[in-house]
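>>> Structure here, sequence nowhere to be found:
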């Protein structure tokens, strides 16, 4: 194991951020992530979980916010629905530098709180 990261995101805080700054969606989330979230009854719960996942990845890589663009870390879903990660650009370069061969990701949320754990292997 190379690193592990965990993060929590308050759903209401994410809701306020998205309402106050609509451009946040495009700065943080890929088009595919947005499409997935917007198909849900309450998209904000899914946005919060994905934001927590991106933070967890940064922690697993032992870097801080700003080490790569948010959109370089993408939460994708397998055919069976399990979440996984696709890294792009600077995020992939950071993972390569640290010898990350694969990732494990788990996410969960309630109507109030979203959580994610990322493990770099």
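Cool, the structure landed. This is a predicted model, so every value here is computed, not measured.
>>> what about the longest helix in the chain?
helix 43-60 (DSSP state H).
>>> just checking, what packs against that one?
Counting contacts by 3 or more C-beta pairs under 8 Å, 6 or more residues apart in numbering; DSSP states H and E, helix 43-60 packs against strand 3-10, helix 11-20, helix 24-28, helix 31-38, strand 73-77, strand 83-87, strand 103-109, strand 113-120. Where you see a C-beta, it was placed from the backbone N, CA and C, and this is true even at glycine.
>>> Okay, angle between it and strand 73-77 too, please.
Put simply, helix 43-60 runs at 120 degrees to strand 73-77, going by axes from the mean of the first three to the mean of the last three C-alpha atoms, to 10 degrees.
>>> Return the distance of helix 43-60 from the chain's centre.
3 Å (C-alpha atoms, centre = their mean, to the nearest Å).
>>> quick one, it and strand 83-87 angle?
For helix 43-60 against strand 83-87, the angle by the same axes, to 10 degrees is 60 degrees.
>>> if we can go back for a sec, export the helices and strands packed on helix 43-60 to TSV and append columns for mean neighbour count and mean pLDDT.
Listed next are these as TSV, based on neighbours: other C-beta atoms under 10 Å; pLDDT from 0 to 100:
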stretch	mean neighbour count	mean pLDDT
strand 3-10	18	98
helix 11-20	15	98
helix 24-28	15	97
helix 31-38	16	97
strand 73-77	21	96
strand 83-87	17	96
strand 103-109	17	97
strand 113-120	22	98
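>>> now these in JSON lines, with distance to residue 67?
Shown next, in JSON lines, are those (distance: least, C-beta to C-beta, whole Å):
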{"stretch": "strand 3-10", "distance to residue 67": "12"}
{"stretch": "helix 11-20", "distance to residue 67": "21"}
{"stretch": "helix 24-28", "distance to residue 67": "14"}
{"stretch": "helix 31-38", "distance to residue 67": "19"}
{"stretch": "strand 73-77", "distance to residue 67": "10"}
{"stretch": "strand 83-87", "distance to residue 67": "12"}
{"stretch": "strand 103-109", "distance to residue 67": "16"}
{"stretch": "strand 113-120", "distance to residue 67": "14"}
